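[1] sequence and predicted model, in that order:
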Amino acid sequence: MQNIHVISHPLVQHKLTIMRDKETGTKAFRELTHELSQLLGYEAMRNIRTELIDIETPVAKTKSPVLAGRKLALIPILRAGLAMADAIADFVPNAKIGHIGMYRDPETHLPIEYYCKLPSDIEVRDVFVLDPMLATGGSAILAIDALKARGASNIKFVCILAAPEGIAKVQAAHPDVAIYTASIDEKLNDHQYIVPGLGDAGDRIFGTK
Ligand code: PRP
Ligand code: URA
């Protein structure tokens, strides 16, 4: 597999284990989603552009790097991706946030788009698509299609868990999009849920089941 980054840091893996546990309640699950999203987002932003500015420390004048411009876009896939966007926006508060609304049809498991509102200058931004779960890959592909159709070209996909089937599909459809995840799990089950997975991410974040 190419263009995939598995964040194997012990802190990430520790938090992921607690998220997977079915005994973990909504409050803890939401907090862990927040923390894990920041750790994954930190890795996904490793190569974002910086520029040197002149500053003066208490000791000397120097040139020091800052983020170049305000050219980041966080694009959560609704609804589970919202929790990730909130978390990552904490450390890049100038990033613009676009939303793509999508749900999987319970019968066909195919994604259905119901909403799309993006920053107007999406084509000049480094775009981070956020969704905790990459299962069949259908939602990720449709979201990336929608972004590219509006001119976005520099796109990364950040998720908490990914299934091998979904990764293969996304990579076939969008080989230019790097995927960042905390784990590549074993497989999908008959309901197209990730195994061992963590269940329904949206329901566990928002307490809807
Ligand atoms: C989940 C998840 C992804 C999608 C992944 O959303 O948050 O968006 O499924 O599955 P896929 O890779 O097979 O497309 P869901 O449809 O449960 O909607 P929700 O976020 O509103 O709960
Ligand atoms: N969506 C989820 O929330 N969980 C899965 O395992 C697959 C899709």
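    Happy to help now that I have it. Ligands and ions are numbered 1, 2, ... in the order given.
[2] show me which positions of stretch 198-207 end up buried.
    198, 199, 201, 202, 204, 205, 206 (16 or more other C-beta atoms under 10 Å). For glycine as for every other residue, the C-beta is placed from the backbone atoms N, C-alpha and C.
[3] for the residue nearest to residue 48 when sequence neighbours are not counted, give its distance to ligand 1.
    Once flanking residues are discounted, residue 48 sits nearest to residue 126: 5.7 Å by C-beta to C-beta, 6 or more residues apart in numbering. The gap separating residue 126 from ligand 1 is 21 Å, by C-beta to the nearest ligand atom, to the nearest Å.
[4] could you report the neighbour count for residue 126?
    When neighbours are defined as other C-beta atoms under 10 Å, residue 126 has 20 of them.
[5] ok, now residue 114?
    10.
[6] wait, a strand at residue 155?
    Yes. Counting by DSSP: H, G, I helix; E, B strand; the rest coil, residue 155 is found in a strand.
[7] wait, residue 144 touches residue 173, no?
    Yes. Under the criterion of C-beta atoms under 8 Å, residue 144 makes contact with residue 173 at 7.4 Å.
[8] pretty sure residue 26 is in contact with residue 205, am I right?
    Yes. Counting by C-beta under 8 Å, residue 205 is a contact partner of residue 26 at 7.4 Å.
[9] and the next element down the chain from the lengthiest helix in the chain?
    In the chain, assigned by DSSP state H, the helix with the most residues is helix 26-44. Per DSSP states H and E, helix 26-44 leads on to strand 50-56 as the next helix or strand towards the C-terminus.
[10] could you give the angle of whichever helix or strand comes after that following strand to strand 50-56?
    Next in sequence after strand 50-56, counting helices and strands by DSSP H and E, comes strand 61-67. Strand 61-67 runs at 140 degrees relative to strand 50-56, counting by axes from the mean of the first three to the mean of the last three C-alpha atoms, to 10 degrees.
[11] pairing partners for the residue nearest to residue 48 in the sheet, please.
    Beta bridges link residue 126 to residue 72, residue 154, judged by DSSP bridges.
[12] which residue of the protein sits farthest from its center?
    residue 59 (40.1 Å; C-alpha atoms, centre = their mean).
[13] give me the below-cutoff pLDDT ranges for this protein.
    70 (pLDDT under 70).
[14] among the buried residues of stretch 198-207, which ones are in helices?
    Filtering these for helices - DSSP H - leaves 201, 202, 204, 205, 206.
[15] quick one: contacts for the residue in the chain that ligand 1 sits nearest to?
    When distances are taken as C-beta to the nearest ligand atom, the chain reaches nearest to ligand 1 at residue 202, 2.4 Å away. Contact analysis of residue 202 by C-beta atoms under 8 Å, 6 or more residues apart in numbering lists 79, 80, 208.
[16] what's around the last one, how many residues?
    By that I understand residue 208. Residue 208 has 10 neighbours, counted by other C-beta under 10 Å.
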